[in-house]
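Participant: output the structure for:
(one chain, ligands or ions: 1)
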Amino acid sequence: MTVQPRASAFQNNAVVVSHLRRAYGTRTVIDHLNLVIGQGEFVVLLGESGCGKTTLLRALAGLDPVQGGTIEVPGRPAVVFQEHRLLPWETLWRNVTLGLHVPDARARAADALGEVGLGDRLDDWPRNLSGGQAQRVALARALVQAPKLLLLDEPFAALDALTRLRMHGLVKDLVARHQPGVLLVTHDVDEALRLGNRILVMRHGVIAAEHRLRPDHDSAGVRAELLRELGVTSSH
Ligand SMILES: Nc1ncnc2c1ncn2[C@@H]1O[C@H](COP(=O)(O)OP(=O)(O)OP(=O)(O)O)[C@@H](O)[C@H]1O
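Facilitator: Below is the predicted model:
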């Protein structure tokens, strides 16, 4: 079974997952998972190593086949990975519009690169970028597709702490402006609290806990609960 993009069932949802099952051979990694993400909603997925986060993200991206259930996405999701995956032999604007066959590709790349603060680097090369800049180009490449669903697989994990904070601000602004539904996979509880409208804790391939965050949420309280749910003792 593969993921079939279906636009018809959609009103305001970026993705609807029903009873998803994903197995590697005889080993089931995700079982009967249900998830709905709305347009403009920022959902963060936490969970201990090996619980199935990347497996879920790859299934939603349509990169892997699934063995049961359905995934409905309006159009093609865009994905940003931990590594930028830019082609070193293409300029930045060409990297951003790779696979986008439209006559005004350069203008669209200019808009997208402008939104991530790199509007003056269209003809530059990936090798001349810092890690943070390269991830911003990766974000521009995702944005230019105008995705309804944006999948982020630990995109800030390799960045230094200060750059990571700046990227949080940028991504938050971009999501507020473009309103895709977002699923962010991370190990960073504070990143989850800073960015998420909703935080999911995954354990052994199922969603074991869910926190909806209001703007005035008690950050310290939710943080302590999350650490407990993640099996980390919070004695300080
Ligand atoms: N290609 C594969 N073939 C077989 N098993 C796999 C494959 N990819 C992942 N797995 C298994 O599926 C389970 C979930 O892996 P996954 O990478 O989704 O975890 P994760 O939660 O993203 O972990 P991490 O936080 O360490 O990245 C693990 O037990 C892993 O060994």
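Participant: got the residues of this protein near the ligand?
Facilitator: Counting by Cβ under 6 Å from any ligand atom, the residues of the chain close to the ligand are 24, 29, 47, 49-55. From N, CA and C alone the C-beta is placed, and that goes for glycine too.
Participant: again, 5 Å this time
Facilitator: Contacts of the chain with the ligand, taken as Cβ under 5 Å from any ligand atom, map to 24, 29, 49-55.
Participant: so which of those residues is the most crowded?
Facilitator: Within the residues of the chain next to the ligand, most neighbours by other Cβ atoms under 10 Å means residue 53, with 23 neighbours.
Participant: residue contacts, it?
Facilitator: 45-47, 185, 202 (Cβ atoms under 8 Å, 6 or more residues apart in numbering).
Participant: can I get these in TSV with neighbour count?
Facilitator: Output for the contacts of residue 53, formatted as TSV (neighbours: other Cβ atoms under 10 Å):
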residue	neighbour count
45	25
46	26
47	25
185	22
202	22
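Participant: which one of these is nearest to the ligand?
Facilitator: Distances from the ligand to these, taken as Cβ to the nearest ligand atom, are shortest for residue 47 (5.5 Å).
Participant: before we move on, back to that, can you list the contacts of residue 53 in CSV and add secondary structure?
Facilitator: Listed next are the contacts of residue 53 as CSV, based on DSSP: H, G, I helix; E, B strand; the rest coil:
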residue, secondary structure
45, strand
46, strand
47, strand
185, strand
202, strand
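Participant: nearest to residue 93, of those?
Facilitator: Nearest to residue 93 among the contacts of residue 53 is residue 185, at 28.2 Å by Cβ to Cβ.
Participant: any regions of this protein where pLDDT drops low?
Facilitator: Scanning the chain with the threshold set as pLDDT under 70 gives 1-11, 234-236.
Participant: the longest helix in it is where?
Facilitator: Counting by DSSP state H, the longest helix found in the chain is helix 161-178.
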